[in-house]
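Q: Fold the following and give me the result.
(one chain, ligands or ions: 1)
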Amino acid sequence: MNSFQITRLPELRFGAGGSSQLSQILQDRSLKNIALILGGRSFKQSPAYDRLIESLKKAHIRYTEFSVVGEPSPETVDSIVATLKAVKDQSRTEGVVAIGGGSVIDTGKAVAALYTMEGSVQEYLEGVGTRKPLGTRLPLIAIPTTSGTGAEATKNAVISRIGPSGFKKSLRHDNFVPDVAILDPELTISCPPEVTAASGLDAITQLLEAYTCTRANPFTDGLSLKALELAGKGFLTAYRDGRNLVARSQMAYAAYISGVCLAQAGLGVVHGIASPMGGLFPIPHGIVCGSLVVSATRFTVSRAMRMDDPSEDSVLKRYARAGMALSGKDAGSDNGNAALLIKTLERFSTETKMPLLRELGLKESDLSMIASKTEAKYHPIPLTVQDIETILKDRY
Ligand SMILES: [Fe+2]
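A: Residues are numbered from 1 along each chain as shown. Presented below is the predicted three-dimensional model:
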């Protein structure tokens with residue numbers, strides 16, 4: 001067994017209607033003045049938003065509201081922090097509450113941290129800046145309204161600048177895991193089908209990659225397999241019928257666990273590709289994952305079948321177990337169950353109309369450049385740049 005380490009997890013409050021606990025949680029922590037980071041329109045137009053604002057007012061909690069559209073840039077984070085820091089004395093911000101998709105929660109994470117730090121967030125990004133965060137931050141509560149990135153359970157905030165010299169890099173520290181994650185499946189009901197599909201496939205990819213990567217450990221193995229089973233049951237139902245609270249609950253839990261597992265284990269080649277691709281092209285992260293998970297899994301499984309490794313924990317056996325969990329079936333052999341995994345992923349991707357890379361505006365000549373910038377150090381099998389290009393071409 002590999003040595004491993006489990007760092008902090010957020011306090012978890014799970015259950016339909018659970019977001020009504022927010023005011024009480026803030027009061028219990030003596031947080032009377034908060035930054036409220038929200039997403040675009042869907043949550044703000046829901047009755048849940050009105051109820052939330054009403055309960056904050058009733059509890060005499062002051063809030064400064066910000067709306068974030070799209071994945072956060074350094075400027076988005078810096079400008080929110082500058083606004084908050086301009087307020088002096090007793091109105092100073094004491095905590096951050098982020099309610100929205102992964103981008104909103106990542107913004108909240110970065111704002112909570114940068115509020116206690118000097119300079120621009122860009123100076124602290126891995127591979128971009130030269131400064132290291134010390135891990136200080138304001139108290140942080142994350143309430144997801146999509147089921148995907150699991151950002152409510154992770155220690156990094158992804159910050160992007162899109163374009164030829166673009167990047168998609170993380171502000172990361174073990175202490176940046178939110179203090180509390182409130183998973184209220186009712187809040188995900190307003191999430192439209194195409195976002196449900198992309199974010200759900202991101203969660204499934206994260207679970208699969210965390211379970212099969214070289215840093216997988218017994219702690220994350222148990223969590224990720226059960227979450228894959230729930231995602232297998234809930235994914236298409238949540239896509240077809242957004243009001244199905246059982247499916248929404250299954251996906252909310254699966255997404256949260258995908259965040260726990262990626263933070264405590266690691267990820268594979270799909271996320272390795274998503275980093276440079278997301279920096280170069282304005283494609284939402286979930287779409288990149290949803291588009292590539294089938295071709296990456298097909299490639300890796302075909303290699304694993306040729307490895308002829310008889311051990312109980314071979315790469316093929318891991319993909320086979322993931323196939324049984326996600327499909328809810330047993331084909332009776334490792335090869336059969338790994339094939340079931342590919343078939344199930346294909347069904348999910350096809351029914352939800354995940355686009356091909358060419359439909360996302362990529363040129364064939366872009367593929368080698370993306371492959372050369374991809375890092376996949378925890379992927380279960382070693383991959384050359386050529387291999388990654390093959391995965392990309394298969395989806396072009
Ligand atoms: Fe992801």
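Q: Which secondary structure state is assigned to Val158?
A: Following DSSP: H, G, I helix; E, B strand; the rest coil, the label given to Val158 is strand.
Q: Which positions within the helix or strand bottoming out on mean pLDDT in the chain qualify as buried?
A: When the helices and strands of the chain are scored by mean pLDDT, DSSP states H and E, helix 41-44 comes last with a mean of 79. Neighbour-count burial for helix 41-44 flags Ser42, Phe43, Lys44 (criterion: 16 or more other Cβ atoms under 10 Å). Where you see a C-beta, it was placed from the backbone N, CA and C, and this is true even at glycine.
Q: Now the first one. Nearest residue, chain neighbours left out?
A: Meaning Ser42. Using Cβ to Cβ, 6 or more residues apart in numbering and skipping residues adjacent in sequence, the residue nearest Ser42 is Ser190, 4.6 Å away.
Q: Now do Ile99: how many residues are near it, please.
A: Per other Cβ atoms under 10 Å, the neighbour tally for Ile99 reads 26.
Q: Check which helices and strands the least confident helix or strand of the chain is in contact with.
A: Of the remaining helices and strands, none touches helix 41-44 by 3 or more Cβ pairs under 8 Å, 6 or more residues apart in numbering; DSSP states H and E.
Q: In this protein, which residue is most central in space?
A: Closest to where the C-alpha atoms of the chain average out (Cα atoms, centre = their mean) is Thr149, at 1.5 Å.
Q: Let me see the confidence value for the residue nearest to that residue when sequence neighbours are not counted.
A: Excluding the flanking residues, the one nearest Thr149 by Cβ to Cβ, 6+ apart is Gly102, at 3.1 Å. As summarised for this prediction, Gly102 has a pLDDT of 94.
Q: is it fair to say Ile182 lies in a helix?
A: No: using three-state DSSP, the assignment for Ile182 is strand, not a helix.
Q: Work out for me the element Asn335 sits within.
A: In the assignment (DSSP states H and E), Asn335 maps to helix 334-351.
Q: again with Gly200
A: Using DSSP H and E, Gly200 falls in helix 193-212.
Q: can you pull the contacts of Val352?
A: Quick fix: residue 352 reads Thr, not Val. Applying Cβ atoms under 8 Å, 6 or more residues apart in numbering to Thr352 gives the contacts Pro193, Glu194, Ala197, Ala198, Leu201, Leu236, Tyr239, Gly290.
Q: now it: how far from Thr188?
A: Thr352 is 16 Å from Thr188, where distance means Cβ to Cβ, to the nearest Å.
Q: Over to Pro282?
A: The gap separating Pro282 from Thr188 is 24 Å, by Cβ to Cβ.
Q: hang on, the earlier thing: the residue nearest to Thr149 against Ser147, yeah?
A: No: counting by Cβ atoms under 8 Å, Gly102 stays clear of Ser147, with 10.1 Å between them.
Q: what residue of this protein is the furthest out?
A: Asp89 (35.8 Å).
Q: in this protein, which spans are strands?
A: 11-14, 33-38, 62-67, 95-100, 140-144, 156-161, 167-172, 180-183 (DSSP state E).
Q: which one of the ones you listed lies closest to Phe219?
A: Closest to Phe219 of these is strand 11-14 (Cβ to Cβ; 15.4 Å).
Q: And the closest one, what's buried?
A: In strand 11-14, counting by 16+ other Cβ under 10 Å, buried: Arg13.
Q: Pull the contacting residues for Thr290.
A: One correction, residue 290 is Gly, not Thr. Counted by Cβ under 8 Å, 6+ apart, Gly290 has contacts Ala197, Ala198, Leu201, Asp202, Thr205, Ser349, Thr352, Met354.
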